[in-house]
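Enquirer: Predicted coordinates and the sequence they were generated for:
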Amino acid sequence: MNKKLLIIDTFNFLHRAYHALPKTFRGPDGQPTNAIYGFTSMLINVLNQIKPDYVVAALDGKEPTFRVGEFTAYKAQRKPMEDDLQVQIPKVFEILDAFNIRQIVVEGYEADDVIGTMASKFKGKVDIVVISNDRDLWQLAGNGNIIMVPGKKGEFEWLGEKEVDAKLGFEAEKIADYKGLRGDPSDNIPGVFGVGEVTATKLLQKFGSLEEIYKNIEKVEPESLKNKLLESYEQALMSKKLAQLVLDVPFQIDLEECKYSDLNRIKVKEVLEKYNFKSLIKRLGFDVEDGKKGKGTEVSDKQLSLL
């Protein structure tokens, strides 16, 4: 059996937790803890399910990415991060450190690019599991890579190459071609004006790639569609480039640096006690110190089902 490398899309994980649990979650100091509680709960669940040999947490950098240099409107429509989430980010690093999880951030690149590079770098050496509900990462499905998509009630959907192909109607490796045509409103990628999901899918099924579509532009029907494609040629190519994962982000890492032996039990307990996460302390089999102030963060089954 091959060893397993688990790659965590950290901020995707964190955003999911933040929006799943109520903002009434507060630590002893009154600061919000809903995101960090949910993040830690999901992390424990994933580690128990996967039992990885290696783990990496990929993160976005603080600086604008190269994609903004290519297209200034890239993700420009997104609202700034809420303060209640922003203040919880340093706490994520505390949790990851306590769990002995290697973190990677490369300024100028997105976490998706770091994940893609890790998957490319260690392809064939280990089985790779990427946990995220970001569809951009479906590009990595196949070749020994599995996408683990968080669902409700602590369950996960497992997507390999066949599963992604069945959902999309075309191969996972053509997702960037698809977005070159269709665009992606969530990232403010324009695509070709007037080309929707159905048309983009049909074009890829017939021609195979964005480049092949333009090489065979005279075969495109009807005439109105051909004209739309011609009018948006440069924009389509740019949109594809924006959607493509970078598989050679400049950072050095050895697989052994990502080795996951176990969490640091002393550190984990200290951090969980700091935020009064008594239910998580119990879940990990630690003794709860009765002398700690407060009743601890209480989470209902309904709330946990949202993670």
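Expert: Structure received. Numbering: from 1, shown residues only.

Enquirer: Which stretches in the stretch 101-250 of the chain count as strands?
Expert: 102-105, 127-131, 145-150, 156-159 (DSSP state E, counting those that start in this stretch).

Enquirer: would you list those strands in JSON lines and tack on distance to Leu280, mean pLDDT and mean neighbour count?
Expert: C-beta here means a position set from N, CA and C on the backbone, and glycine is covered the same way. What follows is those, written out as JSON lines (distance: least, C-beta to C-beta, whole Å; pLDDT from 0 to 100; neighbours: other C-beta atoms under 10 Å):
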{"stretch": "strand 102-105", "distance to Leu280": "20", "mean pLDDT": "96", "mean neighbour count": "16"}
{"stretch": "strand 127-131", "distance to Leu280": "19", "mean pLDDT": "96", "mean neighbour count": "23"}
{"stretch": "strand 145-150", "distance to Leu280": "17", "mean pLDDT": "92", "mean neighbour count": "22"}
{"stretch": "strand 156-159", "distance to Leu280": "19", "mean pLDDT": "91", "mean neighbour count": "16"}
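
Enquirer: Tabulate those (JSON lines), appending distance to Gly61.
Expert: JSON lines is the format used below for the strands of the stretch 101-250 of the chain (distance: least, C-beta to C-beta, whole Å):
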{"stretch": "strand 102-105", "distance to Gly61": "5"}
{"stretch": "strand 127-131", "distance to Gly61": "19"}
{"stretch": "strand 145-150", "distance to Gly61": "23"}
{"stretch": "strand 156-159", "distance to Gly61": "27"}
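
Enquirer: What lies in contact with stretch 59-79?
Expert: 10-11, 103-111, 114, 187-189, 238, 241-242 (C-beta atoms under 8 Å, 6 or more residues apart in numbering).

Enquirer: Would you show me how to pick out the buried ones of those in PyMOL?
Expert: To isolate the buried ones among the contacts of stretch 59-79 in PyMOL, judged by 16 or more other C-beta atoms under 10 Å, type:
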select buried, resi 10+11+104+106+108+109+110+111+114+187+188+189+238+242
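
Enquirer: out of the contacts of stretch 59-79, which are inside helices?
Expert: Secondary structure from DSSP state H places 10-11, 111, 114, 238, 241-242 of the contacts of stretch 59-79 in helices.

Enquirer: Pull the most distant pair out of these.
Expert: Thr10 and Met238 (28.0 Å; C-beta to C-beta).

Enquirer: Counting residues, name the longest helix you see in this structure.
Expert: The chain, longest helix under DSSP H: helix 34-50.

Enquirer: related to what we said a few turns ago, Gln252 is nearest to which of the strands of the stretch 101-250 of the chain?
Expert: That would be strand 102-105 among the strands of the stretch 101-250 of the chain, by C-beta to C-beta, at 10.4 Å.

Enquirer: ok, the closest residue to Gln244 other than its chain neighbours to Met238 distance?
Expert: Spatial nearest neighbour of Gln244, chain neighbours left out: Ala176 (4.2 Å); criterion: C-beta to C-beta, 6 or more residues apart in numbering. With the distance defined as C-beta to C-beta, to the nearest Å, Ala176 ends up 11 Å from Met238.

Enquirer: circling back: quick one: mean pLDDT for the helix or strand just after the longest helix of the chain?
Expert: With elements assigned by DSSP states H and E, the helix or strand that comes after helix 34-50 is strand 54-59. For strand 54-59, the mean per-residue pLDDT is 97.

Enquirer: Strand 54-59 versus helix 34-50: what angle between them?
Expert: Between the axis of strand 54-59 and that of helix 34-50 there is an angle of 150 degrees, by axes from the mean of the first three to the mean of the last three C-alpha atoms, to 10 degrees.
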